[in-house]
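Enquirer: return atomic coordinates for the entry below.
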Amino acid sequence: MLLLAITAIFTFQGVLSSDVCSVPEKTSPRSHNYTSVLSLTRKTQIAFNDLPGFTRSVYYRDHALITPESRVWAGQPGWTNTVTSHLISPASGANFAMYLADLKTESAAGAPAPGAERFILVVEGEVTVTTSDGRSVDLRHNDYAYFPPHDSGKITSATGSGLLIYERMYNLKGKPEFFNGHVEGSPLLPTPGEVFELRKLIPQTADYDFNIHVMDFKPGEHLFVKEVHYNQHGLMMLEGQGIYRLGDNWYPVQSGDVVWMAPFVPQWYAALGTTPTRYIIYKDTTVDPLMSR
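Expert: This next block holds a predicted model:
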């Protein structure tokens with residue numbers, strides 16, 4: 001028994017001495033970078049590229065905010081050398097579709113669905129539009145065009161372009177016609193009781209069942225009317241930043257953001273920062289609310 005006890009003691013001591021005396025293998029030192037803690041950029045803005053899982057995008061029954069980091073790009077049937085990102089569609093309850101198209105070199109747009117009308121704004125680059133009667137028009141940055149349901153035309157780009165596109169199933173018995181223009185060439189319209197500048201890009205006649213407005217705000221300006229109405233909206237921030245109220249929520253928004261507003265959602269905007277705000281917005285108009293969809 002004594003021999004067993006002595007053996008156990010020495011064995012136990014051996015285990016301890018082995019643990020104490022053994023030295024772990026050295027590994028290469030890892031460098032640590034703490035510069036972002038006090039960086040000027042971090043003091044003034046959010047660094048989205050290092051916030052896993054974060055997005056400002058939200059979706060509710062009566063409104064949505066879709067921000068650039070949430071865009072999903074994919075090819076679209078009928079389009080050549082192009083990817084599109086769909087932002088608003090009837091799948092969300094809207095009566096229109098709104099999407100971006102990134103046309104590469106030697107690209108072409110597909111035709112809209114039968115019975116659909118289309119509006120395009122050239123965000124960057126250049127496209128050539130050819131109508132069914134043979135007219136050919138070159139469109140550049142800040143140019144736009146409307147295609148009636150009976151003339152989808154052809155849209156091609158030799159050098160590449162970025163387009164903002166609205167589409168809607170035509171819902172009237174009128175005779176809308178193709179037209180094109182430049183945003184700054186559209187006249188400023190009166191805005192009684194408001195301070196923003198307003199342009200309407202589609203004729204205000206019974207032949208057209210929606211309009212596209214371009215609205216400009218100086219920093220600090222805001223909507224005076226807190227709107228609640230039956231019209232739907234699809235809005236893209238083209239320049240600037242501010243606060244958008246949608247329902248009971250208040251969202252910081254900036255250029256590149258898209259907002260969907262369903263009928264009767266409370267809505268209000270204020271321009272903030274040091275640069276003017278410009279946004280483009282779809283509005284279903286010239287339609288009896290009882291018959292609208």
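
Enquirer: in the stretch 1-150 of the chain, which spans are strands?
Expert: Assigned by DSSP state E, counting those that start in this stretch, the strands in the stretch 1-150 of the chain fall at 58-59, 63-66, 74-75, 80-88, 97-108, 116-125, 127-130, 136-139, 143-147.

Enquirer: in the protein, which residue is most central in space?
Expert: Val258 (3.7 Å; Cα atoms, centre = their mean).

Enquirer: if I look at that one, how far off is His141?
Expert: Val258 sits 19 Å away from His141, going by Cβ to Cβ, to the nearest Å. (Each C-beta comes from the backbone N, C-alpha and C, glycine too.)

Enquirer: got it, and Asp284?
Expert: 27 Å.

Enquirer: more neighbours, these two?
Expert: Asp284 (22 against 14; other Cβ atoms under 10 Å).

Enquirer: hmm, Asn95 is touching Tyr170, no?
Expert: No: counting by Cβ atoms under 8 Å, Asn95 sits too far from Tyr170 to count as a contact (11.5 Å).

Enquirer: Met169 contacts Arg118, doesn't it?
Expert: No: the criterion here is Cβ under 8 Å, and Met169 misses it with Arg118 at 11.0 Å.

Enquirer: more neighbours, those two?
Expert: Arg118 (22 against 17).

Enquirer: list the contacts for that one?
Expert: Neighbour list for Arg118: Pro112, Tyr146, Phe147, Ser152, Ile165, Tyr166, Glu167 [criterion: Cβ atoms under 8 Å, 6 or more residues apart in numbering].

Enquirer: helix, strand, or coil at Glu184?
Expert: helix (DSSP: H, G, I helix; E, B strand; the rest coil).

Enquirer: disregarding residues adjacent in the polypeptide, which is nearest to it?
Expert: Distance criterion Cβ to Cβ, 6 or more residues apart in numbering; nearest residue to Glu184, sequence neighbours excluded, is Asn142 at 6.7 Å.

Enquirer: same deal with Glu221?
Expert: Val195 (4.9 Å).

Enquirer: residues near the one you found, how many?
Expert: Val195 has 13 nearby residues by other Cβ under 10 Å.

Enquirer: go on, the one 5 residues further on?
Expert: A count of nearby residues for Lys200, using other Cβ under 10 Å, gives 16.

Enquirer: can I assume it is in contact with Phe210?
Expert: No: look at Lys200 against Phe210 with Cβ under 8 Å: they stay out of range, at 10.9 Å.

Enquirer: between all of the contacts of Arg118, which two are separated the most?
Expert: Across the contacts of Arg118, the two members that end up farthest from each other (Cβ to Cβ) are Ser152 and Tyr166, 13.7 Å apart.

Enquirer: circling back to that earlier point, contact partners for the residue nearest to Glu221?
Expert: Phe217, Lys218, Glu221, His222, Phe224.

Enquirer: so for the fourth one, what pLDDT did the model give?
Expert: Listed pLDDT for His222 reads 98.

Enquirer: now swap in the second one and tell me
Expert: The confidence metric pLDDT takes the value 97 at Lys218.

Enquirer: didn't it look like it was pressed against Arg278?
Expert: No: the criterion here is Cβ under 8 Å, and Lys218 misses it with Arg278 at 10.7 Å.

Enquirer: can you pull the poorly scored residue ranges out of the chain?
Expert: 1-28, 33-39, 41-50, 292-293 (pLDDT under 70).

Enquirer: how many residues are close by the closest residue to Gln76 other than its chain neighbours?
Expert: Excluding the flanking residues, the one nearest Gln76 by Cβ to Cβ, 6+ apart is Thr84, at 4.6 Å. When neighbours are defined as other Cβ under 10 Å, Thr84 has 21 of them.

Enquirer: could you verify my assumption that Thr84 touches Leu100?
Expert: Yes: the pair Thr84 and Leu100 qualifies as a contact (Cβ under 8 Å) at a distance of 6.6 Å.
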